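A.B. asks: Pasting a predicted model and its sequence here:
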Amino acid sequence: MDYDCIIIGGGHAGIEASLAVARIGFSALLITQNPDRIGALSCNPAVGGLSKGNLVREVDALGGEMAKLIDATMIQYRVLNRSRGPAVQAPRAQADKQAYQSAARSVLEKQKNLTIFMDTVTDFLIDDNNADAHSAGSESFAACASCKKISGVVTGRGHHITAKTVILAAGTFMEGRIFIGEFDAPQGRLGEEAAIGLGKSLRRLGFSIGRLKTGTPARLADYSIDFSKMEKQDGEEMRPFSFDVLTARPSAQRGGTALGETGSVIERPSLPCWVTFTTAKTHEIIKASIHRSPLYGGKITGAGARYCPSIEDKVVRFPQRERHHIFIEPEGLSTNEMYMNGASSSLPEDVQRDFIHSIPGLEQAHIVRPAYAVEYDYINPLDLYPSLESKLLSGFFAAGQTNGSSGYEEAAAQGLIAGINAAMKMLGKPPLVFGRAEAYIGVLVDDLTTLGTKEPYRMFTSRAEHRLMLRHDTSDTRLTPKGREAGLIDDSRWERFLEKTKALDEIKELLAQRKGNAANADDIDSSPAALTANYPAEYIERVLLDIKYAGYIEKEIRFAAKAAKMDAIKLDPNMDYASVTGLSSEAKEKLTAVKPLNVGQAARIPGVRQGDIALLIIRANKK
């Protein structure tokens, strides 16, 4: 074999997958169409946010890179939902786009075992003679005697490169096509060619391939914007996303830190964001030209994200709204481009110009880059196991928008899991699969591989039924031991983690002694008392929150334990459900499509009834 693993795509999924494989010790080849665009923030120049900030911190806790990249390049930081409960608070940071890309590429280029190659993958090499493609001996890597095995890739320039495993992380480039009014072209991003051939190859191999649509707004030159007509949004003191902060030690001073924040401060220039609103004239202009939108004219057939609609979608779907928020956000310290958050569009450029000029503060705005929509192929995630390995092609993994998700954070999380599990497969070890009570990553992957998706999937706190257990400040406690076991946490970081764990235990003991095993943080003096003055502020806040919500967390733990019992009852992924007497017709169809690995996963499939689950339990127990 030329390489142990080939990773297709240099986006956020590809970055994490490549680093994971290489850091675990395998040779990895990252194939990208343009190394200069590695780590590009194609749409919003920000990382984190509600539930997404949790994903970033979980990726970091496991040994991934995204948190460190945003820590090194942020230009504004805020904690969202400060006024609400800890289960729904999360950090968000604006990024310097060019600096983020440069930092990402630098990390990849310096990584041992990792090679970058510029080309376009157009087809796959397949080993048809593979009697035990999915390694039946490895728990949860399902055996499939009839399954084919990946053995490499074919590139646009004719290279045949072999590998034991392949990870597809092509983002919006797989058969991508952009739309700006009447104009369309085979591109994955404006000015960047699509990856043509991949979708055709996957269809030929029997994959269920669909089309999705996403979009991005126009970029404006800051000198042409009248900020005096807008509301200013300053950032807060910048705090690290990464748990492994090496540049500064946490402060022991109480106060001033939000949930899970370190006392360390990131010393970087901070830029403000701005808020303005659409007007009645804006809506009139859009309505008058709606027939010129490829979205409404029928040229775009892929489903878009309902939670992130285009501006024309907002105007049509919410006619009662008199105005919509438009957030004007900086793209970096070295550019004058500003991002119009909330105004993605596929309308023609002349219409874009007119409706933008109808917005307060943007009357004279110069459009540097127009808004556009992009339609692309994606794999039905029901074709994947929870390890993100294909059910149809052994050794083939997929991650990110290729799986129907949207968002940098969702992509990075999947890329990390795909990279870890490609390595685990080559090591002959069980895959790393998280339960829904263990991590937001577990919720993300379970939703995709159990429920599937017909629109771009976006993570929300409401999707996590155990979100109080999945606070972003607890990510390292929950997941760093898993990262260590996978081989992504080195000795020095592990020692720092053990020191923190010890300190948390000491604080708990000191507070218990002080208040006689108090179960409510309201009874604990939160002033910087002598007994806690030597500990970092976020450690104390973490313990106080654990105590305050202990009762609720205990209930969630009991609920999660019941779900874990169902997950522990294994099912044969190759079971012939059509032959199982007593199952409903709908259950037979849904179970055959998903091929659940356990009863818990089967129970989460829509259309599978309690009676169906009882039959599966009986069958599993008999076996």
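C.D. replies: Thanks, I have the structure now.

A.B. asks: From residue 215, how far off is residue 331?
C.D. replies: 17 Å (Cβ to Cβ, to the nearest Å). For the C-beta atoms, the positions are set from N, CA and C on the backbone; glycine is no exception.

A.B. asks: Then residue 73?
C.D. replies: On the measure of Cβ to Cβ, residue 73 and residue 215 end up 24 Å apart.

A.B. asks: Next: residue 350.
C.D. replies: Residue 350 is 18 Å from residue 215, by Cβ to Cβ.

A.B. asks: how near is the closest residue in space to residue 323 that isn't next to it in sequence to residue 360?
C.D. replies: Nearest non-adjacent residue to residue 323, counting by Cβ to Cβ, 6 or more residues apart in numbering: residue 277, 4.2 Å away. Separation of residue 277 from residue 360 (Cβ to Cβ): 7 Å.

A.B. asks: in the chain, which residue is closest to the centre?
C.D. replies: In the chain, the centroid-proximal residue (Cα atoms, centre = their mean) is residue 410; its distance is 0.9 Å.

A.B. asks: Do you know the pLDDT at that one?
C.D. replies: Note on residue 410: pLDDT of 98.

A.B. asks: any idea how far the residue lying closest to it once chain neighbours are set aside is from residue 77?
C.D. replies: Here the nearest residue to residue 410 in space, its sequence neighbours aside, is residue 459; by Cβ to Cβ, 6+ apart that works out to 5.6 Å. According to Cβ to Cβ, residue 459 and residue 77 sit 20 Å apart.

A.B. asks: Now the biggest helix by length in the chain: buried residues?
C.D. replies: Counting by DSSP state H, the longest helix found in the chain is helix 491-515. Residues of helix 491-515 classed as buried: 493, 496-497, 500, 503-504, 506-507, 510-511 (neighbour count, 16 or more other Cβ atoms under 10 Å).

A.B. asks: before we move on, what about stretch 351-371?
C.D. replies: 351-356, 358-362, 365, 367-368, 370-371.

A.B. asks: count of neighbours near the residue nearest to residue 183 when sequence neighbours are not counted?
C.D. replies: Nearest residue to residue 183, sequence neighbours excluded (Cβ to Cβ, 6+ apart): residue 348, at 7.8 Å. Residue 348 sits with 18 neighbouring residues when counted by other Cβ atoms under 10 Å.

A.B. asks: distance of residue 348 from residue 295?
C.D. replies: According to Cβ to Cβ, residue 348 stands 12 Å off from residue 295.

A.B. asks: just residue 198 next, same as before
C.D. replies: 24 Å.

A.B. asks: how near is the residue nearest to residue 404 when sequence neighbours are not counted to residue 26?
C.D. replies: Using Cβ to Cβ, 6+ apart and skipping residues adjacent in sequence, the residue nearest residue 404 is residue 453, 4.3 Å away. Here residue 453 is placed at a distance of 30 Å from residue 26 (Cβ to Cβ).

A.B. asks: Ok, residue 484 next?
C.D. replies: 18 Å.

A.B. asks: Just want to know which of those two has more residues nearby.
C.D. replies: Taking other Cβ under 10 Å, residue 484 and residue 26 do not tie; residue 26 has more neighbours (21 against 17).

A.B. asks: is it true that the more buried one lies in a strand?
C.D. replies: No - under DSSP: H, G, I helix; E, B strand; the rest coil, residue 26 falls outside any strand and is assigned coil.
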